[in-house]
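Visitor: what's the 3D shape of this:
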Amino acid sequence: MNGTIGRNLTMLMDFYELTMSRGYLAEGMENKIAYFDLFFRKVPDKGGYAIAAGLHQVIEYLRALRFEPEDIEFLRSKNMFDEKFLNYLEHFRFSCDVWAIPEGTPVFPHEPLLVVRGPAIETQLVETMLLLTINHQSLIATKASRIVRAAQGRPVMEFGSRRAQGYDGAVYGARAAYIAGCAGTACTVVERDFGVPAVGTMAHSWVQMFPTELDAFRAYARTWPESCALLVDTYNVLKSGVPNAIRVFNEELVPKGLRPAGIRIDSGDITYLSKKAREMLDEAGFEDCKIIVSNSLDEYIVRDLIMQGAQVDSFGVGERLITARSESVFGGVYKLAAVEDDGEIIPKIKISENVEKITIPGFKQVWRLYDNESGKAMADVLSLHSETISSDEPYELFDPEATWKRKTLTNFTARPLLVQIFKEGECVYTSPEIEEIRSYCAEQIETLWSEVLRFENPHRYYVDLSQKLWNIRAKLLAETK
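Guide: Below is the predicted model:
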């Protein structure tokens, strides 16, 4: 897999990471071991699940983590940092342990997507980039997954490059969309760097460049006879666009023994126009000509088009996918979960009057429990990292807030989700190829019940705590009263 960041992003951090780090060094705490969890509190669009993405870029970032001479000089020029701290940064090398849930995995609120363990300064300095990377790609992957499911097996192409929020938003957004099931992208560089198929035919400007629409279609058919797809809505879809397309197919392609790839409609009443266009194409003998539609689509519009009987073979989705327009923030946070004192792990908790913001303390593992008969995921369990959930004996689940709600599981398989990515600063994980991630994502979504997948009022997937972890959290909550 290609896609190296190609630039050092060490200084892409909130400034308080540096002010805190200088303080840790001044207090002799630079080697104090800390554990941080990266997690999110709610699923975008009030959905039932999210998709983890961005881990490959996290790995690239951590591998390249070092302060360049120009970084040191810039910080020196601010007259805020002493030479002891600047010398520390000059010789800085990442030495942490990192665990993560693999890309493409459906994930749920409050469970760690990433765990970082290491010296306090190191764990602090990486916060901003880890959040930026995981938040962005997980947001776009989650949105793409919704749109792909709405399409009910019809291909969805990501068409959003020109509306993305910046260069990296276009590139990494397209990557995330492909992981979640999109069939391709309009962004050429994404195929070069990640192997995501780049697709595209013509814009309205092509049609306008020629004296007539018919001339434009003829020229395109001559240039691309084996993959001829024509944009038919520049002037009038049914009165000129489709009739001219049919004429060109008959005159330019059929004599060569070729068939048209398709037509694209980018405006108007898609349901009505696609139905009429289908009738015209079929009557002309082009039943195999695909109809592609675009124009500010999202999962709800795609779903409604299909419900209304629109004759659409594939969708091009732009701005509402690449910007996740309906809810543009994933909301992942990075919180201290534990520290070490003489090798003993001391759980830490953040308290808030907002119950949702109370953290889950300790060094944790995430387990997914699958029913052996149906293959469906029944619940996730957060446990201490040292705990094991055995599939060979019954396991009792309970609601962490309403503890009287309990259920005993049998005939299940427990799978740990967090895998080690870095050990003492060295990457010990091989990122799968993007096709493997994409296939894995599709397989894992199939393990979710349909009630969790619906768009409106999805069933809440259970994320429970082990008894030991619940006891630690309850004890810390009681001690803070």
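Visitor: Show the end-to-end separation of stretch 365-379, please.
Guide: Chord length of stretch 365-379, first to last residue, is 14 Å (C-alpha to C-alpha, to the nearest Å).
Visitor: all helices of the stretch 1-150 of the chain, in order?
Guide: 15-26, 55-63, 69-77, 83-90, 120-125, 127-150 (DSSP state H, counting those that start in this stretch).
Visitor: how about JSON lines for those, with mean pLDDT, mean neighbour count and distance to Val232 added?
Guide: C-beta coordinates here come from the backbone N, C-alpha and C atoms, glycine included. Listed next are the helices of the stretch 1-150 of the chain as JSON lines, based on pLDDT from 0 to 100; neighbours: other C-beta atoms under 10 Å; distance: least, C-beta to C-beta, whole Å:
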{"stretch": "helix 15-26", "mean pLDDT": "98", "mean neighbour count": "16", "distance to Val232": "53"}
{"stretch": "helix 55-63", "mean pLDDT": "96", "mean neighbour count": "21", "distance to Val232": "39"}
{"stretch": "helix 69-77", "mean pLDDT": "97", "mean neighbour count": "13", "distance to Val232": "53"}
{"stretch": "helix 83-90", "mean pLDDT": "98", "mean neighbour count": "15", "distance to Val232": "59"}
{"stretch": "helix 120-125", "mean pLDDT": "98", "mean neighbour count": "24", "distance to Val232": "54"}
{"stretch": "helix 127-150", "mean pLDDT": "98", "mean neighbour count": "25", "distance to Val232": "23"}
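Visitor: for those, which one sits closest to Ser374?
Guide: Closest of those to Ser374 is helix 127-150, at 19.2 Å (criterion: C-beta to C-beta).
Visitor: for the helix or strand harbouring Tyr440, packing partners?
Guide: Assessed by DSSP states H and E, Tyr440 sits inside helix 434-445. Contact analysis of helix 434-445 by 3 or more C-beta pairs under 8 Å, 6 or more residues apart in numbering; DSSP states H and E lists helix 127-150, helix 167-179 as its packing neighbours.
Visitor: Flag every buried residue along the shortest one.
Guide: When neighbours are counted by 16 or more other C-beta atoms under 10 Å, the buried residues of helix 167-179 are found to be Gly169, Ala170, Val171, Tyr172, Gly173, Ala174, Arg175, Ala176, Ala177, Tyr178, Ile179.
Visitor: Okay, now the unreliable bits of this protein?
Guide: For the chain, the stretches flagged by pLDDT under 70 are 1-6.
Visitor: Where is the longest strand in it?
Guide: The longest strand of the chain (DSSP state E) is strand 332-341.
Visitor: Between helix 127-150 and that strand, find me the angle.
Guide: 130 degrees (axes from the mean of the first three to the mean of the last three C-alpha atoms, to 10 degrees).
Visitor: tell me what whichever helix or strand comes after strand 332-341 is packed against?
Guide: Once the chain leaves strand 332-341, the next helix or strand it forms, by DSSP H and E, is strand 344-347. Judged by 3+ C-beta pairs under 8 Å, 6+ apart, strand 344-347 is in contact with strand 332-341, helix 467-479.
Visitor: With distance to Gly200 added, can I get these in a markdown table?
Guide: Converted to a markdown table, the helices and strands packed on strand 344-347 look like this (distance: least, C-beta to C-beta, whole Å):
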| stretch | distance to Gly200 |
| --- | --- |
| strand 332-341 | 32 |
| helix 467-479 | 50 |
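Visitor: can I get the ones you listed in TSV with distance to Phe39 and mean neighbour count?
Guide: TSV is the format used below for those (distance: least, C-beta to C-beta, whole Å; neighbours: other C-beta atoms under 10 Å):
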stretch	distance to Phe39	mean neighbour count
strand 332-341	7	18
helix 467-479	14	14
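Visitor: With respect to Leu113, which of these lies nearest?
Guide: So among the helices and strands packed on strand 344-347, strand 332-341 is nearest, using C-beta to C-beta, at 7.1 Å.
Visitor: from the middle of its chain, how far away would the closest one be?
Guide: 23 Å (C-alpha atoms, centre = their mean, to the nearest Å).
Visitor: what's the angle between that strand and helix 467-479?
Guide: Angle of strand 332-341 versus helix 467-479, following the same axes, to 10 degrees, is 90 degrees.
Visitor: hmm, back to that, tell me which of the helices and strands packed on helix 434-445 approaches Lys407 most closely.
Guide: helix 127-150 (27.6 Å).
Visitor: what's the angle between that closest one and helix 167-179?
Guide: Using the same axes, to 10 degrees: helix 127-150 against helix 167-179 is 40 degrees.
Visitor: Okay, angle between helix 127-150 and helix 15-26 too, please.
Guide: Going by the same axes, to 10 degrees, helix 127-150 makes 140 degrees with helix 15-26.
Visitor: ok so, going back, which of the buried residues of helix 167-179 sits closest to Ala100?
Guide: Of all the buried residues of helix 167-179, Ala100 sits closest to Ile179, with 14.5 Å by C-beta to C-beta.
Visitor: quick one: contacts for the closest one?
Guide: Ile51, Ala53, Glu103, Gly104, Gln137, Ala141, Ala144, Ile434, Ile437, Arg438, Cys441 (C-beta atoms under 8 Å, 6 or more residues apart in numbering).
Visitor: ok, the closest residue to the last one other than its chain neighbours - contacts?
Guide: I take that to be Cys441. Residue nearest to Cys441 in three dimensions, not counting chain neighbours: Gly104, with 3.3 Å by C-beta to C-beta, 6 or more residues apart in numbering. Gly104 makes contact with Ile51, Ala52, Ala53, Ala141, Ile179, Ala180, Ile437, Arg438, Tyr440, Cys441, Gln444, according to C-beta under 8 Å, 6+ apart.
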